[in-house]
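Enquirer: sequence and predicted model, in that order:
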Amino acid sequence: MRSSVTVSLVPEARGGPFVFWDQLGEACAQAASLGFDAIEVFPSGPDDPALIILPSLLAQHSLRLAAMGTGAGWVKHQLTLTNPDPEVFQRAMSFVKGIIDQAGRLGAPAIIGSMQGRNAPGSDRVPTLLRLKDALTELGDYAAQHQVPLLLEPLNRYETNLINTVDDGLNLVASLGTTNVKLLVDLFHMNIEETSIPLALRAAGATIGHVHFVDTNRRAAGFGHLDYGSVIGILKEVGYKGYLSAEALPWPDSISAATQTIAKFKELFPRET
Ligand code: LER
Ligand code: MN
(Lines give C-alpha, C1' and ligand atoms only; values in the text may rest on other atoms or scores of the structure.)
(Ligands and ions follow the chains in the order given, each with its own letter.)
Protein backbone atom coordinates (compact mmCIF):
# COMPACT_ATOMS: atom_id res chain seq x y z
CA MET A 1 0.00 0.00 0.00
CA ARG A 2 1.13 3.54 -0.73
CA SER A 3 0.68 6.81 1.18
CA SER A 4 -1.13 9.88 -0.08
CA VAL A 5 -2.26 13.21 1.36
CA THR A 6 -5.10 15.51 0.27
CA VAL A 7 -4.81 19.05 -1.08
CA SER A 8 -7.91 21.25 -1.50
CA LEU A 9 -7.88 24.11 -4.00
CA VAL A 10 -11.51 25.06 -3.24
CA PRO A 11 -12.06 28.01 -0.87
CA GLU A 12 -15.79 27.12 -0.60
CA ALA A 13 -14.79 23.76 0.97
CA ARG A 14 -13.02 25.46 3.90
CA GLY A 15 -13.68 23.63 7.15
CA GLY A 16 -13.65 20.36 5.20
CA PRO A 17 -11.40 17.34 5.76
CA PHE A 18 -8.39 18.24 3.64
CA VAL A 19 -4.88 18.25 5.05
CA PHE A 20 -3.33 20.88 2.77
CA TRP A 21 -5.03 23.95 1.36
CA ASP A 22 -4.73 26.37 -1.54
CA GLN A 23 -1.01 26.31 -2.32
CA LEU A 24 -0.40 23.32 -4.58
CA GLY A 25 3.34 23.92 -4.94
CA GLU A 26 3.88 24.24 -1.20
CA ALA A 27 1.69 21.19 -0.51
CA CYS A 28 3.73 19.11 -2.97
CA ALA A 29 7.00 20.23 -1.36
CA GLN A 30 5.73 19.37 2.11
CA ALA A 31 4.21 16.03 1.07
CA ALA A 32 7.46 15.02 -0.61
CA SER A 33 9.66 16.09 2.29
CA LEU A 34 7.52 14.09 4.73
CA GLY A 35 7.86 11.02 2.51
CA PHE A 36 4.39 10.66 1.00
CA ASP A 37 4.18 8.69 -2.24
CA ALA A 38 1.33 10.74 -3.71
CA ILE A 39 -1.15 13.57 -3.35
CA GLU A 40 -4.91 13.58 -3.87
CA VAL A 41 -6.20 16.84 -5.34
CA PHE A 42 -9.60 18.47 -4.85
CA PRO A 43 -9.67 21.10 -7.63
CA SER A 44 -12.26 23.83 -8.23
CA GLY A 45 -13.06 22.24 -11.59
CA PRO A 46 -11.52 20.79 -14.73
CA ASP A 47 -10.28 24.28 -15.66
CA ASP A 48 -8.66 25.03 -12.29
CA PRO A 49 -5.48 26.95 -13.26
CA ALA A 50 -3.40 24.97 -10.73
CA LEU A 51 -3.98 21.83 -12.82
CA ILE A 52 -1.77 23.31 -15.55
CA ILE A 53 1.28 23.12 -13.30
CA LEU A 54 0.27 19.86 -11.57
CA PRO A 55 2.23 17.51 -13.91
CA SER A 56 5.46 19.45 -13.51
CA LEU A 57 5.03 19.75 -9.72
CA LEU A 58 4.51 15.99 -9.46
CA ALA A 59 7.62 15.33 -11.55
CA GLN A 60 9.70 17.87 -9.62
CA HIS A 61 8.81 16.28 -6.26
CA SER A 62 8.70 12.62 -7.43
CA LEU A 63 5.07 12.34 -6.36
CA ARG A 64 2.21 10.47 -8.01
CA LEU A 65 -1.38 11.66 -8.28
CA ALA A 66 -3.48 9.21 -6.21
CA ALA A 67 -6.94 10.52 -7.19
CA MET A 68 -8.89 13.69 -7.97
CA GLY A 69 -12.15 14.79 -6.34
CA THR A 70 -15.21 16.06 -8.21
CA GLY A 71 -16.99 17.53 -5.17
CA ALA A 72 -16.49 21.14 -6.30
CA GLY A 73 -19.24 20.46 -8.84
CA TRP A 74 -21.60 20.30 -5.87
CA VAL A 75 -19.89 22.74 -3.49
CA LYS A 76 -19.39 25.50 -6.08
CA HIS A 77 -22.14 24.88 -8.65
CA GLN A 78 -24.81 22.71 -6.92
CA LEU A 79 -24.50 20.09 -9.66
CA THR A 80 -25.29 16.44 -8.95
CA LEU A 81 -25.53 13.22 -10.97
CA THR A 82 -29.09 12.68 -9.69
CA ASN A 83 -30.61 16.09 -10.44
CA PRO A 84 -33.97 15.52 -12.19
CA ASP A 85 -33.41 18.58 -14.44
CA PRO A 86 -31.74 17.16 -17.60
CA GLU A 87 -29.82 20.39 -18.19
CA VAL A 88 -28.28 20.34 -14.68
CA PHE A 89 -27.61 16.59 -15.01
CA GLN A 90 -25.73 17.15 -18.28
CA ARG A 91 -23.65 19.93 -16.74
CA ALA A 92 -22.80 17.56 -13.88
CA MET A 93 -21.77 14.87 -16.37
CA SER A 94 -19.53 17.33 -18.28
CA PHE A 95 -17.96 18.53 -15.04
CA VAL A 96 -17.12 14.97 -13.99
CA LYS A 97 -15.84 14.01 -17.46
CA GLY A 98 -13.52 17.04 -17.35
CA ILE A 99 -12.09 15.86 -14.02
CA ILE A 100 -11.79 12.27 -15.32
CA ASP A 101 -9.70 13.64 -18.20
CA GLN A 102 -7.52 15.80 -15.94
CA ALA A 103 -6.86 12.92 -13.53
CA GLY A 104 -6.73 10.25 -16.22
CA ARG A 105 -3.90 11.90 -18.16
CA LEU A 106 -1.87 11.53 -14.94
CA GLY A 107 -2.95 7.91 -14.48
CA ALA A 108 -5.32 8.61 -11.59
CA PRO A 109 -9.03 7.99 -10.99
CA ALA A 110 -11.75 10.57 -10.29
CA ILE A 111 -13.97 10.29 -7.19
CA ILE A 112 -17.77 10.50 -7.05
CA GLY A 113 -18.68 11.45 -3.47
CA SER A 114 -20.96 14.41 -2.93
CA MET A 115 -21.77 14.53 -6.68
CA GLN A 116 -24.10 11.57 -6.02
CA GLY A 117 -26.50 14.13 -4.51
CA ARG A 118 -29.48 13.27 -2.31
CA ASN A 119 -32.99 12.03 -2.84
CA ALA A 120 -35.41 14.94 -2.24
CA PRO A 121 -37.55 14.43 0.91
CA GLY A 122 -40.75 12.53 0.10
CA SER A 123 -39.74 11.69 -3.45
CA ASP A 124 -39.38 8.21 -4.93
CA ARG A 125 -35.83 6.79 -4.55
CA VAL A 126 -36.13 4.49 -7.54
CA PRO A 127 -35.78 7.08 -10.35
CA THR A 128 -33.06 8.88 -8.38
CA LEU A 129 -31.00 5.69 -8.06
CA LEU A 130 -31.63 4.92 -11.73
CA ARG A 131 -30.15 8.28 -12.71
CA LEU A 132 -27.11 7.53 -10.56
CA LYS A 133 -26.81 4.06 -12.10
CA ASP A 134 -26.95 5.43 -15.67
CA ALA A 135 -24.49 8.21 -14.84
CA LEU A 136 -21.97 5.84 -13.23
CA THR A 137 -22.22 3.38 -16.11
CA GLU A 138 -21.47 6.10 -18.66
CA LEU A 139 -18.73 7.70 -16.54
CA GLY A 140 -17.13 4.35 -15.70
CA ASP A 141 -16.87 3.55 -19.40
CA TYR A 142 -15.59 7.07 -20.05
CA ALA A 143 -12.81 6.60 -17.47
CA ALA A 144 -11.75 3.32 -19.12
CA GLN A 145 -10.20 5.25 -22.04
CA HIS A 146 -7.52 6.38 -19.55
CA GLN A 147 -7.11 2.83 -18.14
CA VAL A 148 -8.27 4.04 -14.73
CA PRO A 149 -11.40 3.14 -12.77
CA LEU A 150 -14.05 5.55 -11.53
CA LEU A 151 -14.37 5.64 -7.72
CA LEU A 152 -17.74 5.70 -5.94
CA GLU A 153 -17.60 6.81 -2.30
CA PRO A 154 -20.32 5.88 0.22
CA LEU A 155 -20.91 8.90 2.48
CA ASN A 156 -22.44 9.11 5.94
CA ARG A 157 -26.12 9.91 6.47
CA TYR A 158 -25.50 13.60 7.15
CA GLU A 159 -24.10 14.05 3.62
CA THR A 160 -26.36 11.82 1.48
CA ASN A 161 -29.36 9.52 1.78
CA LEU A 162 -28.35 7.47 -1.29
CA ILE A 163 -25.13 5.44 -0.90
CA ASN A 164 -24.24 5.31 2.81
CA THR A 165 -22.66 1.90 3.32
CA VAL A 166 -20.29 -0.48 1.58
CA ASP A 167 -23.28 -2.74 1.03
CA ASP A 168 -25.20 0.09 -0.72
CA GLY A 169 -22.12 0.71 -2.85
CA LEU A 170 -21.58 -2.95 -3.72
CA ASN A 171 -25.22 -3.35 -4.78
CA LEU A 172 -25.05 -0.31 -7.03
CA VAL A 173 -21.69 -1.29 -8.53
CA ALA A 174 -23.00 -4.80 -9.26
CA SER A 175 -26.01 -3.34 -11.11
CA LEU A 176 -23.97 -1.17 -13.49
CA GLY A 177 -23.47 -1.82 -17.18
CA THR A 178 -19.71 -1.43 -16.70
CA THR A 179 -17.08 -3.21 -14.60
CA ASN A 180 -14.94 -0.07 -14.32
CA VAL A 181 -16.40 1.44 -11.13
CA LYS A 182 -14.70 0.67 -7.81
CA LEU A 183 -15.47 1.71 -4.24
CA LEU A 184 -13.68 4.36 -2.25
CA VAL A 185 -13.91 3.33 1.40
CA ASP A 186 -13.60 6.30 3.77
CA LEU A 187 -12.85 5.12 7.31
CA PHE A 188 -14.59 8.17 8.82
CA HIS A 189 -17.88 7.50 7.00
CA MET A 190 -17.54 3.77 7.74
CA ASN A 191 -17.19 4.45 11.47
CA ILE A 192 -20.61 6.16 11.37
CA GLU A 193 -22.45 3.79 9.04
CA GLU A 194 -21.02 0.27 9.30
CA THR A 195 -21.91 -2.32 11.93
CA SER A 196 -18.36 -3.65 11.67
CA ILE A 197 -15.60 -1.91 9.74
CA PRO A 198 -13.50 -5.11 9.31
CA LEU A 199 -16.50 -7.12 8.05
CA ALA A 200 -17.51 -4.38 5.63
CA LEU A 201 -13.95 -4.13 4.28
CA ARG A 202 -13.85 -7.88 3.81
CA ALA A 203 -17.19 -7.78 1.97
CA ALA A 204 -15.90 -4.99 -0.28
CA GLY A 205 -12.78 -7.08 -1.03
CA ALA A 206 -11.50 -6.68 -4.57
CA THR A 207 -14.02 -3.89 -5.24
CA ILE A 208 -11.97 -1.53 -3.04
CA GLY A 209 -10.26 0.97 -5.35
CA HIS A 210 -9.13 3.63 -2.88
CA VAL A 211 -9.07 4.29 0.87
CA HIS A 212 -9.58 7.57 2.73
CA PHE A 213 -7.22 7.08 5.65
CA VAL A 214 -8.56 9.05 8.58
CA ASP A 215 -9.59 8.51 12.17
CA THR A 216 -13.02 8.24 13.82
CA ASN A 217 -13.16 11.97 14.62
CA ARG A 218 -11.94 12.92 11.13
CA ARG A 219 -8.55 13.88 12.48
CA ALA A 220 -5.32 12.30 11.20
CA ALA A 221 -4.84 8.56 11.71
CA GLY A 222 -3.98 7.89 15.35
CA PHE A 223 -5.70 11.03 16.69
CA GLY A 224 -8.94 9.08 17.26
CA HIS A 225 -9.84 5.55 18.35
CA LEU A 226 -9.90 3.50 15.14
CA ASP A 227 -8.28 0.05 15.34
CA TYR A 228 -5.87 0.41 12.41
CA GLY A 229 -4.30 -2.99 13.02
CA SER A 230 -7.53 -4.76 12.08
CA VAL A 231 -8.21 -2.40 9.14
CA ILE A 232 -4.78 -2.99 7.62
CA GLY A 233 -5.02 -6.72 8.35
CA ILE A 234 -8.21 -7.00 6.29
CA LEU A 235 -6.88 -4.76 3.49
CA LYS A 236 -3.86 -7.07 3.21
CA GLU A 237 -6.08 -10.15 3.35
CA VAL A 238 -8.21 -8.90 0.41
CA GLY A 239 -5.08 -8.03 -1.57
CA TYR A 240 -5.56 -4.24 -1.59
CA LYS A 241 -2.49 -2.58 -3.11
CA GLY A 242 -3.72 0.99 -3.65
CA TYR A 243 -3.41 4.24 -1.73
CA LEU A 244 -4.14 5.08 1.87
CA SER A 245 -4.97 8.73 1.30
CA ALA A 246 -5.15 11.10 4.27
CA GLU A 247 -8.45 12.94 3.95
CA ALA A 248 -8.42 14.44 7.41
CA LEU A 249 -9.00 17.78 9.08
CA PRO A 250 -5.91 19.99 9.22
CA TRP A 251 -5.90 19.59 13.01
CA PRO A 252 -4.19 21.10 14.89
CA ASP A 253 -2.64 22.35 11.63
CA SER A 254 -1.77 20.96 8.21
CA ILE A 255 1.82 19.98 8.95
CA SER A 256 0.94 18.26 12.23
CA ALA A 257 -1.88 16.29 10.54
CA ALA A 258 0.41 15.24 7.68
CA THR A 259 3.26 14.35 10.08
CA GLN A 260 0.93 12.27 12.26
CA THR A 261 -0.42 10.46 9.17
CA ILE A 262 2.99 9.48 7.86
CA ALA A 263 4.11 8.39 11.34
CA LYS A 264 1.07 6.11 11.59
CA PHE A 265 1.71 4.80 8.08
CA LYS A 266 5.33 3.96 8.97
CA GLU A 267 4.21 2.25 12.18
CA LEU A 268 1.73 0.11 10.21
CA PHE A 269 4.13 -0.66 7.32
CA PRO A 270 7.61 -0.72 8.85
CA ARG A 271 9.14 -2.51 5.84
CA GLU A 272 7.53 -0.50 3.04
CA THR A 273 8.89 2.90 4.02
C1 LER B 1 -16.86 13.99 1.92
O2 LER B 1 -17.32 13.77 3.19
C3 LER B 1 -15.80 13.05 1.57
O4 LER B 1 -15.48 12.13 2.28
C5 LER B 1 -15.13 13.26 0.29
O6 LER B 1 -14.14 12.32 0.10
C7 LER B 1 -16.14 13.15 -0.83
O8 LER B 1 -16.40 14.27 -1.52
MN1 MN C 1 -13.84 10.79 1.80
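Expert: Sure thing, it's come through. Ligands and ions are numbered 1, 2, ... in the order given.
Enquirer: in the stretch 101-250 of the chain, which residue sits closest to ligand 1?
Expert: Using Cβ to the nearest ligand atom, the single residue of the stretch 101-250 of the chain nearest to ligand 1 is residue 113, 2.5 Å away. Heads up, the C-betas are built off the backbone N, CA and C, glycines and all.
Enquirer: OK, contacts around that residue?
Expert: The contact partners of residue 113, by Cβ atoms under 8 Å, 6 or more residues apart in numbering, come to 69-71, 153, 155, 159, 184.
Enquirer: from residue 60, how far off is it?
Expert: Here residue 113 is placed at a distance of 29 Å from residue 60 (Cβ to Cβ, to the nearest Å).
Enquirer: on that earlier part again, name the nearest residue to the residue of the stretch 101-250 of the chain closest to ligand 1, sequence neighbours excluded.
Expert: Excluding its sequence neighbours, the residue lying closest to residue 113 (Cβ to Cβ, 6 or more residues apart in numbering) is residue 153, at 4.1 Å.
Enquirer: quick one: residue 39 is in a helix?
Expert: No. Residue 39 sits outside any helix when classified using DSSP: H, G, I helix; E, B strand; the rest coil, being strand.
Enquirer: how close does it get to residue 204?
Expert: Going from residue 39 to residue 204 by Cβ to Cβ gives 24 Å.
Enquirer: so between those two, which is more surrounded?
Expert: Between residue 39 and residue 204, counted using other Cβ atoms under 10 Å, residue 39 has the larger neighbour count: 31 against 24.
Enquirer: quick check: beta-bridge partners of that one?
Expert: residue 5, residue 65 (DSSP bridges).
Enquirer: and it, what does it touch?
Expert: For residue 39, the contacting residues are 4-7, 20, 27-28, 31, 58, 63, 65-66, by Cβ under 8 Å, 6+ apart.
Enquirer: how about a cut-off of 6 Å?
Expert: Residue 39 sits next to 5, 7, 31, 63 when contact means Cβ atoms under 6 Å, 6 or more residues apart in numbering.
Enquirer: let me know the closest of these to residue 91.
Expert: residue 7 (25.0 Å; Cβ to Cβ).
Enquirer: what about the closest residue to residue 242 other than its chain neighbours, distance to residue 149?
Expert: Of all residues not flanking residue 242 in the chain, residue 210 sits nearest, at 5.7 Å (Cβ to Cβ, 6+ apart). Distance of residue 210 to residue 149, computed by Cβ to Cβ: 9 Å.
Enquirer: ok, now residue 57?
Expert: Residue 57 sits 24 Å away from residue 149, going by Cβ to Cβ.
Enquirer: quick one: which of those two has more around it?
Expert: Just comparing residue 57 and residue 149: by other Cβ under 10 Å the higher neighbour count belongs to residue 149, 23 against 19.
Enquirer: get me the contact residues on the chain for ligand 1.
Expert: 69, 71, 113-114, 153, 155, 159, 186, 212, 247 (Cβ under 6 Å from any ligand atom).
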